[in-house]
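A.B. asks: Sharing a model prediction with you, sequence too.
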Amino acid sequence: MVQVINNKTFKGISPNKLMEATYRAAENFQVRAFYEAKNEILKVGKYTEEEFFKILDAMIDAETERKLILERLKSKEPLFLEEIVKIIKEFSPDNVIRDIIYLKEQGYIDEKIEVKTKKVIKKIKGEEKEVEEKEYFYRYQVKDLPDDFIEHYFEPVSIVFEAEVCCHCGWCSSICPVNAITVTADILEIDDNACMKCGLCYTICPRSFSIDQAYKSIKNLDKSLKWSDKIGAYYNTYSGSTTKDKIKKVRQDGGVVTTLLEYLLKNKLVDAIVAVQHSVDLWRPEPVIVDNIKDLYKTGGTKYANSPSLEIIDKAKQYNRLAVVGVPCMMKAIEKATLFPSGLPFFNNIKYKIGLFCMESFSYAKIINLVKDKFDKEINELTKMNIDKGKFIINLTSGEEMAVDLKEVQSYARHTCHFCEDLTSDYADISVGSIGSQAGWSSVITRSKEIDEIYKGAVKDGLIESQNLKEVKPGQFLVERIAGVKRTKCKDPFLELKKKSQ
Ligand SMILES: Cc1cc2nc3c(=O)[nH]c(=O)nc-3n(C[C@H](O)[C@H](O)[C@H](O)COP(=O)(O)OP(=O)(O)OC[C@H]3O[C@@H](n4cnc5c(N)ncnc54)[C@H](O)[C@@H]3O)c2cc1C
Ligand code: SF4
Ligand code: SF4
Ligand code: SF4
């Protein structure tokens, strides 16, 4: 997880400049809305008074920092984030990167994108061919603004829902300080009477504005990580399979997720896990908080209907250390709230993010239709669903297995998934999927030294058999290829949102 440092003091800044910047920071609409709603927020009880002031303090610090950065970059030519980090030495590089991206959203900074085309040789169907590849370069420049310029105001996330790009991760519902948002797998509702228009839900929503440039630049600062345009920043890659018979009975692929979760719980590295199990309706995922092994085993296996899992994070506050399992859009949502608006996570008990690979998900109603239309079966006849080697496969209580081409079921996928560019949960601490590994094995991407050591600990204890993903067939090559296809096919959610809000 990105660790953004909060500035408790502003070293090296003259008192005058600091006072002016703090004054301007206090005028920010988000800071004001949050402060003015103090009584309502404390009444709801989601944040204690101490937490409220910590969040407010961090928001003011971050806003002050942004105003100071703006002053320093005035009248400068367009610069790469890396160049800006070298100029602004008073704040940590992570902070500066976060601030530039937020200043762009607040309307102070222009993002200038330059596209260069280069010719590369690629092997296509066994033949070497010269193809054109586009490279994008992002520079940032402070705008020349009129004196009466007003900072952009962030609307509540009903605009994301109305633009049909909401992925129903549930995160905004957990974050909203006054509990004004209800998110289910299919709907999002905001109670206008309760909403105090702080725009925090917009800030942390994975579909409101892009964090790709911030993510890439921050990860590039960590020299222990490797970088792939297709699967993001990573430390190591593996193919793993559980050795535990009980987990083999409930797993989807290699059972790596459930095994790792058991290892985390048993070694007291976490106190609880946020995962999903079947609800009373079979195959309808229900987000759950689990703090024991018996309940953990109920979460094994993939439910292809979407789950608003992050909606329950605010109900897990009694646990000091959580591991959260989810699909890529959820991993991005959590990471976004770690960066914005202040670098102080709203729930700092999220210790590990365990991300799944995900090409698409389906609404529960569409899953029922799909099973009926394509296989002429009822949902409760199924013991497993799987997507493998271009097929959608179901296993039945009768022991029979049936499959159709994946292309045949794609029209059943959720509309919002067409706006998703991430296959491998780039924003997770560790990502797990089936693509790249043999049946009964999972492909694993560790994204920090810390989680890599945890994975290796589970292997050393004999809980997971593990191989190098680059040395198995089809291996990392296939993961990168499919991840690249997902990125290329993805529609731009931010463009869609802009179109709807104009
Ligand atoms: C909607 C969806 C689509 C997927 N698409 C692909 C794909 O295209 N390619 C690919 O390689 N892998 C995909 N996966 C991941 C894959 O199905 C396995 O989850 C992954 O390989 C881990 O297997 P495992 O045996 O280690 O996990 P297990 O040990 O079986 O654990 C599975 C974990 O997944 C969680 N989970 C199950 N359903 C959901 C859900 N709907 N939302 C959030 N969490 C859930 C459970 O809580 C559990 O912790 C997808 C997963 C989901 C949920
Ligand atoms: S945070 Fe998640 S649930 Fe809320 S609007 Fe954004 S995508 Fe939808
Ligand atoms: S709905 Fe959004 S804008 Fe309204 S109070 Fe909640 S977080 Fe703030
Ligand atoms: S495809 Fe993307 S938006 Fe859809 S469920 Fe998977 S991660 Fe979320």
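C.D. replies: Nice, thanks for sending it over. As the structure is a computational prediction, the values presented were derived from the model and not from experiment. Ligands and ions are numbered 1, 2, ... in the order given.
A.B. asks: State the distance from the residue nearest to K219 when sequence neighbours are not counted to ligand 1.
C.D. replies: Of all residues not flanking K219 in the chain, A233 sits nearest, at 3.7 Å (C-beta to C-beta, 6 or more residues apart in numbering). Quick note: C-beta positions are derived from backbone N, CA and C, even for glycine. For A233, the distance to ligand 1 under the criterion C-beta to the nearest ligand atom, to the nearest Å works out to 19 Å.
A.B. asks: again with P474
C.D. replies: Remark: distance between P474 and ligand 1 (C-beta to the nearest ligand atom) = 12 Å.
A.B. asks: count of residues packed around that residue?
C.D. replies: Applying the criterion other C-beta atoms under 10 Å, we find 16 residues in the vicinity of P474.
A.B. asks: Surely I13 is in contact with L68?
C.D. replies: Yes - under the criterion of C-beta atoms under 8 Å, I13 makes contact with L68 at 6.3 Å.
A.B. asks: between those two, who's got more neighbours?
C.D. replies: Relative neighbour count places L68 above the other of I13 and L68, with 24 against 17, counting by other C-beta under 10 Å.
A.B. asks: For this structure, what lies in contact range of ligand 1?
C.D. replies: Taking C-beta under 6 Å from any ligand atom, the part of the chain that reaches ligand 1 is made up of 251-258, 275-276, 285, 299-304, 306-307, 309, 325-327, 356-359, 361, 387, 432-435, 442.
A.B. asks: list residues touching both of I13 and L68?
C.D. replies: Counting by C-beta atoms under 8 Å, 6 or more residues apart in numbering, the shared contacts of I13 and L68 are 21, 90.
A.B. asks: just the buried members of the residues of the chain next to ligand 1?
C.D. replies: The neighbour count (16 or more other C-beta atoms under 10 Å) marks 251-258, 275-276, 285, 299-304, 306-307, 309, 325-327, 356-359, 361, 387, 432-435, 442 as buried among these.
A.B. asks: low pLDDT regions in the stretch 1-150 of the chain?
C.D. replies: Residues of the stretch 1-150 of the chain meeting the criterion pLDDT under 70: 1-9.
A.B. asks: Which single residue of it ends up nearest ligand 2?
C.D. replies: Going by C-beta to the nearest ligand atom, ligand 2 is nearest to E105 of the stretch 1-150 of the chain, at 14.8 Å.
A.B. asks: contacting residues for the closest residue to that residue other than its chain neighbours?
C.D. replies: Excluding the flanking residues, the one nearest E105 by C-beta to C-beta, 6+ apart is F209, at 5.2 Å. For F209, the residues meeting the contact criterion (C-beta under 8 Å, 6+ apart) are 101, 105, 494.
A.B. asks: In helices, which of the buried ones among the residues of the chain next to ligand 1 fall?
C.D. replies: With DSSP state H as the criterion, helices contain 256-258 from among those.
A.B. asks: ok, A439 to T259 distance?
C.D. replies: In this view, A439 and T259 are 17 Å apart by C-beta to C-beta, to the nearest Å.
A.B. asks: just the strands in the stretch 401-502 of the chain please.
C.D. replies: Residue ranges of the strands in the stretch 401-502 of the chain, as given by DSSP state E, counting those that start in this stretch, are 401-405, 430-433, 442-446, 464-468.
A.B. asks: C169 is nearest to which of these?
C.D. replies: Comparison of these against C169 by C-beta to C-beta identifies strand 430-433 as nearest, at 16.3 Å.
A.B. asks: Can you spell out which helices and strands pack onto the closest one?
C.D. replies: helix 256-266, strand 350-356, strand 442-446, helix 449-460 (3 or more C-beta pairs under 8 Å, 6 or more residues apart in numbering; DSSP states H and E).
A.B. asks: Mean pLDDT for those - can I get that in CSV?
C.D. replies: CSV is the format used below for the helices and strands packed on strand 430-433 (pLDDT from 0 to 100):
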stretch, mean pLDDT
helix 256-266, 98
strand 350-356, 98
strand 442-446, 98
helix 449-460, 98
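A.B. asks: which of these is buried the deepest?
C.D. replies: With neighbours defined by mean count of other C-beta atoms under 10 Å, none of those is more surrounded on average than strand 442-446, at a mean of 28.
A.B. asks: contacts for it?
C.D. replies: Applying C-beta under 8 Å, 6+ apart, the set of residues contacting strand 442-446 from outside is 231, 234-241, 253-257, 357, 424-425, 429-437, 452, 455, 466, 469, 476, 479.
A.B. asks: Give me the subset of those that also touch ligand 3.
C.D. replies: Those of the contacts of strand 442-446 which are also neighbours of ligand 3 - as judged by C-beta under 6 Å from any ligand atom - do not exist.
A.B. asks: circling back to that earlier point, so which of the ones in helices among the buried ones among the residues of the chain next to ligand 1 is the closest to K486?
C.D. replies: Relative to K486, the closest of these is V257; by C-beta to C-beta it sits at 20.4 Å.
A.B. asks: Report the contact partners of the closest one.
C.D. replies: Remark: with contacts taken as C-beta under 8 Å, 6+ apart, V257 is in contact with 251, 300, 325, 354, 356, 432, 442.
A.B. asks: now do 6 Å
C.D. replies: V432 (C-beta atoms under 6 Å, 6 or more residues apart in numbering).
A.B. asks: State the distance from it to V276.
C.D. replies: In this view, V257 and V276 are 11 Å apart by C-beta to C-beta.
A.B. asks: Next: V404.
C.D. replies: Where V276 is concerned, V404 sits at a distance of 25 Å (C-beta to C-beta).
A.B. asks: swap in K223?
C.D. replies: As judged by C-beta to C-beta, K223 and V276 stand 36 Å apart.
A.B. asks: likewise T416?
C.D. replies: 18 Å.
A.B. asks: same deal with K249?
C.D. replies: Taking C-beta to C-beta as the criterion, K249 is separated from V276 by 18 Å.
A.B. asks: G255 now?
C.D. replies: Counting by C-beta to C-beta - G255 and V276 are separated by 16 Å.
A.B. asks: Assign the residue nearest to K219 to helix, strand or coil.
C.D. replies: strand (DSSP: H, G, I helix; E, B strand; the rest coil).
A.B. asks: ok, now the one 4 residues further on?
C.D. replies: Recorded secondary structure, T237: strand (three-state DSSP).
A.B. asks: How about the one 3 residues further on?
C.D. replies: G240 carries the three-state label strand when classified by three-state DSSP.
A.B. asks: and what of A194?
C.D. replies: Put simply, A194 is coil when judged by three-state DSSP.
A.B. asks: any idea how far the residue of the stretch 101-250 of the chain found nearest ligand 4 lies from ligand 1?
C.D. replies: For the stretch 101-250 of the chain, the residue positioned closest to ligand 4 under C-beta to the nearest ligand atom is C167, at a distance of 3.9 Å. To ligand 1, C167 is 11 Å away according to C-beta to the nearest ligand atom.
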